[in-house]
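Enquirer: here is my input, please return the structure:
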Amino acid sequence: MINPTNQTSTVGVRTEKRLEDHQGDLWAEVIRLFNSMPDETNDGGNDKHFFSMVFFGVKLFVAENEVNGLTVMLPDEY
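Expert: The predicted structure is shown next:
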């Protein structure tokens, strides 16, 4: 079971200038979006295992990781 409060991010997310002052808000937004996603989809759309989002003008991917948490990354880090 995925625990959305168990989050990590890539170096790119942590050093992205547009996100610098909003890291705490980012974690809250990831949890909010996670809770709004369906458990699974069969059509390749967003679900709790992998979804995309835009935050302060930055496109991000959020994916389930190997420790049942979520990793937030920039598309070019996927």
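
Enquirer: mind listing the strands for the protein?
Expert: Shown for the chain, the strands assigned by DSSP state E span residues 7-9, 50-55, 58-64, 70-73.

Enquirer: so which of these is the most surrounded?
Expert: Stretch with highest mean neighbour count among these: strand 70-73 (a mean of 21; mean count of other C-beta atoms under 10 Å). Quick note: C-beta positions are derived from backbone N, CA and C, even for glycine.

Enquirer: ok so, going back, could the strands of the chain be laid out in JSON lines, adding distance to residue 27 and mean pLDDT?
Expert: Shown next, in JSON lines, are the strands of the chain (distance: least, C-beta to C-beta, whole Å; pLDDT from 0 to 100):
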{"stretch": "strand 7-9", "distance to residue 27": "6", "mean pLDDT": "97"}
{"stretch": "strand 50-55", "distance to residue 27": "11", "mean pLDDT": "98"}
{"stretch": "strand 58-64", "distance to residue 27": "11", "mean pLDDT": "98"}
{"stretch": "strand 70-73", "distance to residue 27": "8", "mean pLDDT": "98"}
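
Enquirer: redo these as JSON lines? Include distance to residue 42.
Expert: Shown next, in JSON lines, are these (distance: least, C-beta to C-beta, whole Å):
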{"stretch": "strand 7-9", "distance to residue 42": "26"}
{"stretch": "strand 50-55", "distance to residue 42": "13"}
{"stretch": "strand 58-64", "distance to residue 42": "17"}
{"stretch": "strand 70-73", "distance to residue 42": "21"}
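
Enquirer: closest to residue 15 out of those?
Expert: Smallest distance to residue 15 across those (C-beta to C-beta): 9.8 Å, for strand 7-9.
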